[in-house]
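Asker: Curious how this folds, go ahead:
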Amino acid sequence: MMEKQQKLGEMLVTAGVISRQQLRSALCHQKNRRCLLGSSLVKLGYVSEDRLLEFLEQKLEMPLVDLRRRRIGGELLAYIPLERAMEYTVLPIGRSLAHGSPALQVAMADPTNLRTVDALAFLTGCRIEPVLAAEEDIRRAIKRCYGVQLDVGAEACSSLGGLPRQDLADRFLQLLEVLLEKGILTRSDFDRFI
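Answerer: The predicted model follows:
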């Protein structure tokens, strides 16, 4: 459990995967490029992405998920708006009820980033259960899933039992209002959709 509270860079230095100098260099790169530390380490050639994910999977005893073919429904995507998914490089992949409260399983490239976990918990109102995924896989899945949600949404609406277009528009508005009430959508996001 202590390992989960240790920062990624320190974990890698302690395990001898990278040197302290490489960590400083990667932190500087991260700050200048505004990317994740793991991404900086990989881009600078200090560690391969496979090695980094394998290390995290073992150290954190956390499952590694493959997002390349995974389908994610709109009800999950609604928990984390596209802007936040891109900002934090995260993707909701599952939901459950744990000890009487909702839990959201979220694919993350850096599950040791407690600020992101806390921000997601506040945003969604759920307990966050991080799982590992490659950063680039998350980015691709965000584009695919959120993009598909918008394109498939119109297609799915037209096939919903032959409902008239106005009924579908009313249902969509009701859904947006529920998301606004639950704090999943901000007022500005809500206004953008209507």
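
Asker: Name the helix or strand of this structure that has the lowest mean pLDDT.
Answerer: Among the secondary structure pieces of the chain, namely its helices and strands, helix 2-5 has the lowest mean (mean pLDDT, DSSP states H and E), a mean of 44.

Asker: Report the buried residues of the following helix or strand past it.
Answerer: Using DSSP states H and E, the helix or strand that follows helix 2-5 in sequence is helix 8-14. Of the residues in helix 8-14, 8-9, 11-13 count as buried by neighbour count, 16 or more other CB atoms under 10 Å. To be clear about C-beta, it is placed using only N, CA and C from the backbone, and glycine gets the same treatment.

Asker: Contacts for the host helix or strand of Leu97 next, please.
Answerer: If you go by DSSP H and E, Leu97 is part of strand 90-98. In this structure, residues lying in contact with strand 90-98 by CB atoms under 8 Å, 6 or more residues apart in numbering are 65, 67, 70, 72, 75-77, 79-80, 84-85, 102-108, 116, 120, 124, 126-127, 129, 131, 133, 138, 141-142, 145.

Asker: Give the residue spans of this structure that score low on pLDDT.
Answerer: Low-confidence segments of the chain, defined by pLDDT under 70: 1-6, 148-170, 190-194.

Asker: Just the strands from it, written as ranges.
Answerer: Assigned by DSSP state E, the strands in the chain fall at 90-98, 101-108, 127-132.

Asker: now those as a markdown table including mean neighbour count and distance to Thr186?
Answerer: Rendered in a markdown table, the data for the strands of the chain read as follows (neighbours: other CB atoms under 10 Å; distance: least, CB to CB, whole Å):
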| stretch | mean neighbour count | distance to Thr186 |
| --- | --- | --- |
| strand 90-98 | 18 | 17 |
| strand 101-108 | 20 | 18 |
| strand 127-132 | 20 | 19 |
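
Asker: Of all the ones you listed, which one is nearest Glu49?
Answerer: Each of the strands of the chain has some distance to Glu49 by CB to CB; the shortest is strand 127-132, at 11.3 Å.

Asker: Counting neighbours, which bits of stretch 30-50 end up buried?
Answerer: Within stretch 30-50, the residues scored as buried using 16+ other CB under 10 Å are 30, 35-42, 46-47, 49.

Asker: Please flag which of those residues sit within helices.
Answerer: Judged by DSSP state H, the subset of the buried residues of stretch 30-50 located in helices is 30, 37-42, 49.

Asker: roughly how far is stretch 77-88 from the heart of the chain?
Answerer: Centroid separation between stretch 77-88 and its chain, computed with CA atoms, centre = their mean, to the nearest Å, is 7 Å.

Asker: Pull out the buried positions in that stretch.
Answerer: When burial is assessed from 16+ other CB under 10 Å, stretch 77-88 yields the following buried residues: 77-82, 85-86, 88.
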